[in-house]
Every structure is written in structure tokens, then in C-alpha cells.
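Asker: Okay, structure incoming, though there's no sequence with it:
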Ligand SMILES: [Zn+2]
């Protein structure tokens, strides 16, 4: 009888209370994304990656102001869609957090945002005669086009090129429109996606595409993927994101950064 009672007690024990905190898996993946993007040369001491909160779509997760390679789970902060940290005791935060907040505000489909100063990509934002186009199947998503954000139009002459206000973030989001990536003239690029791993994947292959395109342009006329090829190749290669992620995760772990 006593045994049955203990068993019943086990059955009715209350499930773990949902505190509304982001899941540990989401935080772990965001830390890994920071390390991968550094390891792959997309981010250096600067640039950042964020993900939308998995329990509250009006919030997103982004590290405090620090180099991406050094981000640990303890450094991840929660922000609202005005770019304000939720905690009043938050440490120093990224100046350009409005890139993220305004992208999430403008686009309900966006679940992750990467902002980089990738040196391979920057030339395509400053040479009006040449546009970034898909040169190989892994960069196929670029077939949808990649607009260029001219901050002079939004920030006026003499601005420092940084997205340092919600207004500038909103201008960037407006020019991004429904695209997956936007070049920022004289600054870098911003990539958005419906999942964190896709945003990382596209950031890595956008950079590789830019490197290859620069090489090819030096050789002669370039035969780019057609719109139809780009669409078909995107569907195929993006079915393999986990394969690359698993390898990059181990490569980044081998650098020895704390999680
Ligand atoms: Zn920047």
C-alpha cells in the first residue's frame, strides 16, 4: 500500500515550471555560433550574432560588448525590440545592437541576425559597377539579390558609418526588405535567416562567394548561376546545414575558447 502511494506521488509530481527563460540549447547554440563565425573568419574582434528568444518573440539574445570568440553562456543578454537590455544591471552592450532589434521588429520571419565586417565582402559594397552574385552553388542564396545600404542617405554627411540608433537600424531594415543579406557601404554586411544555423551557414558561404567572385573577376567575364539554378541549388545545399555546423563546431571547440 505504502509502495502504491509513493508511486502515485511520483505520477502527480508537478512538471518543471516554465520560467520563460530562453532554453539552454538556444544559448549554447548562440555561443557556438559566435565561436564558429570567428573560426571561419567572418567575425574578428568585431561583429556580432543574435537569435530571437524561443519563448518570447518580442525579445532576442545577444552577447554583451565583447569579442565574439570570447563569448560564454554567461555573457548572453536578453534585449527587447527597441534594443534595450531587459536587465537593469546589464553590462556594456554593443553600440550596433539596433541592427538586430530593428530587423526582428520589421520581419516576423527573422529568427537570427549576423552582422560582420568580412573583408572579402566589403569591396562589393563600394564598387557600384560590380554586384555580389552567386558564383557557385554554395553561395546560391545570393541569387535573390543583395541590396547595398548607403548610410549617407540615412545618417547624413560625416556620420561614423555605425548603426548607432534605432532610426538607423530601421533604415537598414527597410533597405534589407525581404532579402536575406544586405551590404553596408564602407562597413560590412548583415545577414538574416529563419534559423540561427542558416544565418551562420549563409554568412560563411557569402564570404566564400565574395572571395571566389573577386578571383574570377580578375580572370575575365564571369558566368554566374542563373536565377533558376540559384533557386534549385539553395534548396539542395541548405538541406545540409547540420553537416557543416557539426564540423565547424568541433573546429571552433579546438581553438579552446570557453563556452
Ligand atoms: Zn559594424
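Answerer: Here it is on my side, so go on. Because the structure is predicted, anything quoted here is derived from the model rather than measured. Numbering: from 1, shown residues only.
Asker: what are the ranges of the helices in the chain?
Answerer: Along the chain, counting by DSSP state H, helices occupy 2-12, 24-39, 98-106, 151-155, 166-176, 196-219, 227-237, 241-253.
Asker: Go through the fourth one and flag the buried ones.
Answerer: Pointing back at helix 151-155 there. Judged by neighbour count using 16 or more other Cβ atoms under 10 Å, the buried positions of helix 151-155 are 151, 154-155. Every residue, glycine included, has its C-beta placed from N, CA and C.
Asker: What is that helix packed up against?
Answerer: With contacts taken as 3 or more Cβ pairs under 8 Å, 6 or more residues apart in numbering; DSSP states H and E, helix 151-155 sits against helix 166-176.
Asker: circling back to that earlier point, among the buried residues of helix 151-155, which one sits closest to residue 225?
Answerer: Distance to residue 225, by Cβ to Cβ, is smallest for residue 151 among the buried residues of helix 151-155, at 29.6 Å.
Asker: What number of residues are in the vicinity of residue 177?
Answerer: Here the number of neighbours of residue 177 (other Cβ atoms under 10 Å) works out to 11.
Asker: Same question for residue 92.
Answerer: Neighbourhood size, residue 92 [other Cβ under 10 Å]: 9.
Asker: cool, and residue 233?
Answerer: Neighbour count for residue 233, taken as other Cβ under 10 Å: 19.
Asker: ok, now the one 10 residues further on?
Answerer: Applying other Cβ under 10 Å, we find 10 other residues in the vicinity of residue 243.
Asker: before we move on, what about residue 218?
Answerer: Residue 218 has 7 neighbouring residues, counting by other Cβ under 10 Å.
Asker: picking up where we left off before, any idea which of the buried residues of helix 151-155 is the one closest to residue 164?
Answerer: Within the set of these, residue 155 lies nearest residue 164; the separation is 8.7 Å, counting by Cβ to Cβ.
Asker: List just the one of the helices of the chain that sits closest to residue 187.
Answerer: When the helices of the chain are ranked by proximity to residue 187, the top entry is helix 151-155, at 7.2 Å, counting by Cβ to Cβ.
Asker: hmm, who's touching the closest one?
Answerer: Outside helix 151-155, the residues that touch it by Cβ atoms under 8 Å, 6 or more residues apart in numbering are 159, 161, 163, 167-168, 171-172, 184-187.
Asker: And those, which two are furthest apart?
Answerer: Maximum distance among the contacts of helix 151-155 (Cβ to Cβ): 19.0 Å, for 167 and 186.
Asker: wait, doesn't residue 213 sit right on residue 127?
Answerer: No: taking contact to mean Cβ atoms under 8 Å, the distance of 11.4 Å between residue 213 and residue 127 leaves them out of contact.
Asker: Was I right to think residue 134 contacts residue 143?
Answerer: Yes: using Cβ under 8 Å, residue 134 and residue 143 qualify as a contacting pair, with a distance of 4.7 Å.
Asker: between these two, which one's more packed in?
Answerer: Between residue 134 and residue 143, counted using other Cβ under 10 Å, the more crowded position is residue 134 (25 against 20).
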